[in-house]
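> structure of the sequence below:
(one chain, ligands or ions: 1)
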Amino acid sequence: MKNPFDLTGKVAVITGSSRGIGKASAELFASLGAKVVVSSRKADACQAVVDGIKANGGDAHVIPCNISRRDEVEALIDGTVKHYGPIDILVCNAAVNPYYGPLLDIADEAFDKIMGSNVKSNIWLCAKAIPAMAERGKGSVVIISSIGGLRGSTVIGAYGISKAADFALCRSLAGEWGPKGVRVNCIAPGLVKTDFAKALWEDEANLKRRTATTPLRRIGEPHEIAGAVAYLGSDSSTFMTGQTIVIDGGVTTASV
Ligand SMILES: NC(=O)c1ccc[n+]([C@@H]2O[C@H](COP(=O)([O-])OP(=O)(O)OC[C@H]3O[C@@H](n4cnc5c(N)ncnc54)[C@H](OP(=O)(O)O)[C@@H]3O)[C@@H](O)[C@H]2O)c1
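Residues are numbered from 1 along each chain as shown. Model prediction:
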């Protein structure tokens, strides 16, 4: 029986894949047979991921891209098509959070940066990639959102607004492009042990508080998100669009 999560021959591009959830996804995609474009702002960090994938027999290629710059986002999509051919899977994974504090104190520049990088850049990526997917009648877009978009926060409220906007973006694109065979879904991770969330899990007291209200009593690891990214990219999920998979150790379901 064929592996239902097989990605053989599929072309995938993953933003922010030099480390964390994006890297774990790139490695899993390659091990499932995909040709993967690894991308972030730093080419050398991406190259190390590509070297690791190739050492394990996979196929990967580096295209650096800062998601906050439209010309670089468009060059990422164009460069992927030029190197590997038409894109089957787009993973909008990179995001930023330059502000930690009360929502009403946020400076305009920080708010605009969060919305620009976490929402507008996903529109740029999709605008460039989805029409070509629609012409071929197939394609899967996966947006890495956050449980921060599902509930309030007293310290990362603006980030939560951007991640809630990603859910809305996903639903609307699913409706617009579903008739042409393109699927758009979100994943909402809870706290995962990556550099991005270091401030949250390095703080012993915060970690203890957090895990005490998490049914699985721990935070996640990047590979525990990557499996769902691969599922959404694979033909196992061909009847799924406009939805969000929450992977958070149960924290958003728990009674406290
Ligand atoms: N970790 C968590 O607890 C958690 C929870 C919920 C949701 N998420 C979401 O998961 C996604 C991935 O986060 P992560 O935790 O895996 O973070 P991470 O380990 O810090 O990795 C972030 C990746 O994004 C890249 N990046 C950062 N700014 C970028 C920019 N402006 N343009 C392009 N690439 C950029 C980084 O590489 P360079 O520095 O080389 O650019 C790196 O490859 C994000 O959307 C985040 O919001 C994370």
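> what sits against A12?
Applying CB atoms under 8 Å, 6 or more residues apart in numbering, we find A12 in contact with 26, 29, 34-37, 87-91, 233. For glycine as for every other residue, the C-beta is placed from the backbone atoms N, C-alpha and C.
> which ones among the residues you listed map onto helices?
Counted as lying in helices by DSSP state H, out of the contacts of A12, are 26, 29, 233.
> quick check: closest non-adjacent residue to the last one.
Put plainly, it is G233. I89 (4.0 Å; CB to CB, 6 or more residues apart in numbering).
> distance of that neighbour from the ligand?
According to CB to the nearest ligand atom, to the nearest Å, I89 and the ligand sit 16 Å apart.
> how about F167?
Look at F167 and the ligand: by CB to the nearest ligand atom, they are 12 Å apart.
> am I right that that residue is in contact with V246?
No - contact criterion CB atoms under 8 Å: F167 and V246 do not qualify, at 10.8 Å.
> now do the contacts for I245.
185-188, 228, 232.
> quick check: the residue of the stretch 1-150 of the chain found nearest the ligand vs V38, distance?
Of all residues in the stretch 1-150 of the chain, G20 sits closest to the ligand, at 2.1 Å by CB to the nearest ligand atom. Look at G20 and V38: by CB to CB, to the nearest Å, they are 12 Å apart.
> comparing these two, which shows the higher neighbour count?
Taking neighbours as other CB atoms under 10 Å, G20 and V38 compare with V38 leading, 32 against 22.
> what sits against the more buried one?
Applying CB under 8 Å, 6+ apart to V38 gives the contacts 14, 17-18, 23, 26, 46, 49-50, 53, 60-63.
> now do it, the pLDDT please.
Note for V38: predicted pLDDT of 99.
> now do N206
Note for N206: predicted pLDDT of 89.
> over to M1?
Per-residue confidence (pLDDT) for M1: 82.
> count the neighbours of it for me.
3.
> cool, and the one 3 residues further on?
P4 has 10 neighbouring residues, counting by other CB under 10 Å.
> so it is in which element?
For P4, there is no helix or strand it lies in under DSSP states H and E.
> check contacts around it.
Applying CB under 8 Å, 6+ apart to P4 gives the contacts 234-236.
> go with 10 Å
231, 234-237 (CB atoms under 10 Å, 6 or more residues apart in numbering).
> how far off centre is stretch 40-59?
Stretch 40-59 sits 18 Å away from the centroid of its parent chain (CA atoms, centre = their mean, to the nearest Å).
> and which of the ones in helices among the contacts of A12 is nearest G149?
Of all the ones in helices among the contacts of A12, G149 sits closest to G233, with 21.0 Å by CB to CB.
> you'd agree the closest one is up against G33?
No - the criterion here is CB atoms under 10 Å, and G233 misses it with G33 at 11.2 Å.
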